[in-house]
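# have a look at this prediction, sequence included:
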2 protein chains.
Amino acid sequence: MTRHDPIQSCDSCPIRANAVCADCAPDEIAVLDRAKTYRTVPAGGRLAEAGEPLTYFSSIVSGCATMSRTLEDGRRQTVGLLLPSDYIGRPGRSTSAYDVEAVSEVTLCRFECATFERLLRETPHLATRLLTMTLDELDAARDWAVVLGRMTARERVAAFLVSLARRQARLSHQAEPTRAIALALPLSREAIADHLGLTIETTSRQFTALRKAGAIETPSTRLVQIPDFERLALEAGEDDDGGMIA
Amino acid sequence: MTRHDPIQSCDSCPIRANAVCADCAPDEIAVLDRAKTYRTVPAGGRLAEAGEPLTYFSSIVSGCATMSRTLEDGRRQTVGLLLPSDYIGRPGRSTSAYDVEAVSEVTLCRFECATFERLLRETPHLATRLLTMTLDELDAARDWAVVLGRMTARERVAAFLVSLARRQARLSHQAEPTRAIALALPLSREAIADHLGLTIETTSRQFTALRKAGAIETPSTRLVQIPDFERLALEAGEDDDGGMIA
DNA sequence: GCCCGCGCTTGATCTCGATCAATGCGACGG
DNA sequence: CCGTCGCATTGATCGAGATCAAGCGCGGGC
């Protein structure tokens, strides 16, 4: 399989963000362009409900959404943070396994499920692309299991910030963050807590602890300055080489 | 996309377990059969090392393996339990992200990476099949995140037993377990603890607690009798309909 | 300007699971 | 038959994070 470059977002043609890469033939792109529609959902809007039918396969063009499950007693776990180029939906399954909620205003590029599955059959390249994206998601989900299963509250918060910083850098075509960067948080403290498997109080305390330790600055609740990215990665349990230790 | 039946293992032709389903053309199967080789690894053997090159794409024919990451300070988290029909390897990436270890004697059906990626390009149906399998893995990984992030020790142990029982039933072509079943544990208490994000002591205590509550019986450490499957599913935080509550 | 409400932070206490420490038990070899 | 070794269980204590409960700060509406 061709190794694809990091996903290239293209505001004037957002579908490229999901299904198209440099190897695509122009006619494949044209077919996809004909089938796509757009939809914008305000912050707080529901994009899917666990167990409910899902009539579209969509990808995020702009904004941020969370994918979560809530237990009957109210415990909630976010299993995925969806940023531009991430997709919503599952070929081969007609209902959503999770609640998907817009945390900021979200614009989607959508295909009807049946249409998308036909395109998938008829366009081998699209299937390959989707496979690569799904494998990346799988790696991310497994990495997150290590965070949820074995890391302390402080490491979890640091790991969240590091992972978000890396994703935002990639989305804006930048290299791995080096030293000082600013990070805009799309999530409230509560949503972060749900993602980290912590309570909101513990999450808040760890932000404070990281601030007092000099690992971050918090000019406002939705903004985090990271004076030394490597230092923060260290707090997240990574070694100095930037990778997880084996 | 065609909705595939549960994977059909076939001892005399184990490759079917991974890449072949009813829709396959006979010549596709023949091509795969020519490329495959087998390898058997004893219990405790390493099948892959995090960060090391992976020269084969393999699938498990028999036995059980774990996929895990160990932090520098010794904390270990198992991110996947690999049973027959599961695959090891990642198209498009040449190194393993995790340690993979045989917990019982494991027989693999292997393809050289380059060969497999060529087959993937040339056989659209194989790509579709792999996509379906990967999406299933992704769902499982996300479901597990809910367990790791939000469930109590007792719920985790119950969830593990329930999920293992379901997988073993599926592998032997049986329906969802109904009432009484016996479950052979392929893992030691320590390996279970690593999968559940708990210590071995807590894991052992929860086995005892579930036994005292009448939810399981433990004739030996590697054998669990489940007198009432629904009852155990309840302990795992599922509602009576057998699904997770939204 | 003032009040109100919501999201965030901080404090006090409790609890579940981790840690430290024996003890039990079955398999295997002498 | 007994000693040993590795895994599992059980007990005692500790501590990180949950829970319960105030404050705090900021933005919007009257």
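Happy to help now that I have it.

# DNA strand C contacts on chain A?
Chain A comes close to DNA strand C at residues A:188-190, A:200-201, A:203-205, A:207-208, A:218, A:221-222, as judged by C-beta under 7 Å from any atom of the strand. To be clear about C-beta, it is placed using only N, CA and C from the backbone, and glycine gets the same treatment.

# count the neighbours of the spatially closest residue to A:Ser94 that is not a sequence neighbour for me.
The shortest distance from A:Ser94 to any non-neighbouring residue, by C-beta to C-beta, 6 or more residues apart in numbering or on different chains, is to A:Pro53 (5.7 Å). Other residues within reach of A:Pro53 by the criterion other C-beta atoms under 10 Å in any protein chain shown amount to 10.

# isn't A:Pro53 right next to A:Gly89, touching?
No. A:Pro53 is beyond contact range of A:Gly89, at 11.1 Å (criterion: C-beta atoms under 8 Å).

# residue ranges with poor pLDDT in chain A?
Counting by pLDDT under 70, the ranges of chain A that qualify are A:1-26, A:240-246.

# from the residues of chain A next to DNA strand C, which land in helices?
Of the residues of chain A next to DNA strand C, the ones assigned to helices by DSSP state H are A:189-190, A:200-201, A:203-205, A:207-208.

# just the buried members of these?
With burial judged by 16 or more other C-beta atoms under 10 Å in any protein chain shown, the buried subset of those is A:189, A:203-204, A:207.

# quick one: list the elements packing against the helix ranked longest in chain A.
The longest helix of chain A (DSSP H) is helix A:124-150. For helix A:124-150, the contact count by 3 or more C-beta pairs under 8 Å, 6 or more residues apart in numbering or on different chains; DSSP states H and E identifies helix A:16-19, helix A:26-35, strand A:76-82, helix A:113-122, helix A:153-171, strand B:76-82, helix B:113-122, helix B:124-150 as packing neighbours.

# okay, the angle between it and strand B:76-82?
140 degrees (axes from the mean of the first three to the mean of the last three C-alpha atoms, to 10 degrees).

# got the residues of chain A near DNA strand D?
A:152-154, A:197-199, A:201-202.

# can we see that at 10 Å?
Residues of chain A lying near DNA strand D by C-beta under 10 Å from any atom of the strand: A:73-75, A:150-157, A:193, A:196-206, A:209, A:220-221.

# just give the closest residue to A:Ser62, not the sequence neighbours.
A:Thr107 (4.7 Å).

# next, the buried residues of the host helix or strand of that neighbour.
Here A:Thr107, judged by DSSP states H and E, is contained in strand A:106-112. Using 16+ other C-beta under 10 Å as the test for burial, strand A:106-112 gives A:106-111.

# which member of the residues you listed is positioned nearest DNA strand C?
Ranking the buried residues of strand A:106-112 by separation from DNA strand C, with C-beta to the nearest atom of the strand as the measure, puts A:Val106 on top at 17.9 Å.

# quick one: the closest one and A:Leu47 touch, right?
Yes. In this structure, A:Val106 is within contact of A:Leu47 by C-beta under 8 Å, at 7.0 Å.

# which residues do these two both contact?
Taking C-beta atoms under 8 Å, 6 or more residues apart in numbering or on different chains as the contact criterion, the residues that touch both A:Val106 and A:Leu47 are A:41, A:65.

# could you chop chain A up by domain?
A:16-143, A:151-235 (automatic domain parsing).

# out of those domains, which is closest to B:Ala30?
Shortest separation from B:Ala30 across the domains of chain A is recorded for domain A:16-143, at 20.1 Å, computed as C-beta to C-beta.

# please compute how far that closest one lies from its chain's middle.
Centroid separation between domain A:16-143 and its chain, computed with C-alpha atoms, centre = their mean, to the nearest Å, is 11 Å.

# from A:Thr123, how far off is the residue of chain A most remote from its centre?
Here chain A has its C-alpha centre computed as a mean, and the residue farthest from that point, by C-alpha atoms, centre = their mean, is A:Asp27 with 29.2 Å. Distance of A:Asp27 to A:Thr123, computed by C-beta to C-beta, to the nearest Å: 10 Å.

# swap in A:Ser104?
Relative to A:Thr123, and taking C-beta to C-beta, A:Ser104 is found at 31 Å.

# what do you get for A:Cys113?
Computed as C-beta to C-beta, the A:Cys113 to A:Thr123 distance reads 16 Å.

# any of the residues of chain A next to DNA strand D buried? List them.
Buried members of the residues of chain A next to DNA strand D, counted by 16+ other C-beta under 10 Å: A:75, A:150-151, A:153-157, A:193, A:196-198, A:202-204, A:206, A:209.

# related to what we said a few turns ago, using CSV, lay out the domains of chain A together with distance to B:Glu238.
Shown next, in CSV, are these (distance: least, C-beta to C-beta, whole Å):
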stretch, distance to B:Glu238
domain A:16-143, 9
domain A:151-235, 19
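
# for burial, what's the neighbour tally of the nearest residue to A:Arg222 once chain neighbours are set aside?
When the adjacent residues along the chain are set aside, A:Arg222 lies closest to A:Leu185, with 4.9 Å between them (C-beta to C-beta, 6+ apart). The burial metric for A:Leu185, expressed as a neighbour count using other C-beta under 10 Å, is 20.

# and A:Leu185, what is it in contact with?
Going by C-beta under 8 Å, 6+ apart, A:Leu185 touches A:164, A:192, A:221-224.

# also A:Thr115?
A:Ala35.

# how close does it get to A:Ser85?
Applying C-beta to C-beta, the value for A:Thr115 to A:Ser85 is 20 Å.

# check A:Arg39 too.
Note on A:Arg39: its distance to A:Ser85, by C-beta to C-beta, is 17 Å.

# higher neighbour count, the two?
A:Ser85 (20 against 14).

# one step back: if we only consider the buried residues of strand A:106-112, which is nearest to A:Leu119?
Among those, and counting by C-beta to C-beta, the member closest to A:Leu119 is A:Phe111, at 7.0 Å.

# you'd agree the closest one is up against A:Arg39?
No. The pair formed by A:Phe111 and A:Arg39 falls short of the contact definition of C-beta under 8 Å, at 11.4 Å.

# which residues do those two both contact?
Overlap between the contact sets of A:Phe111 and A:Arg39, as judged by C-beta under 8 Å, 6+ apart, is given by A:Ser58.

# so who does the residue nearest to A:Asp228 when sequence neighbours are not counted touch?
On the basis of C-beta to C-beta, 6+ apart, the spatially nearest residue to A:Asp228 that is not a chain neighbour turns out to be A:Arg179, at 5.6 Å. Contact partners of A:Arg179, counting by C-beta under 8 Å, 6+ apart, are A:227-230.

# can you flag which of those belong to helices?
Checked against DSSP H, these include these in helices: A:229-230.

# A:Leu120 - how many residues pack around it?
23.
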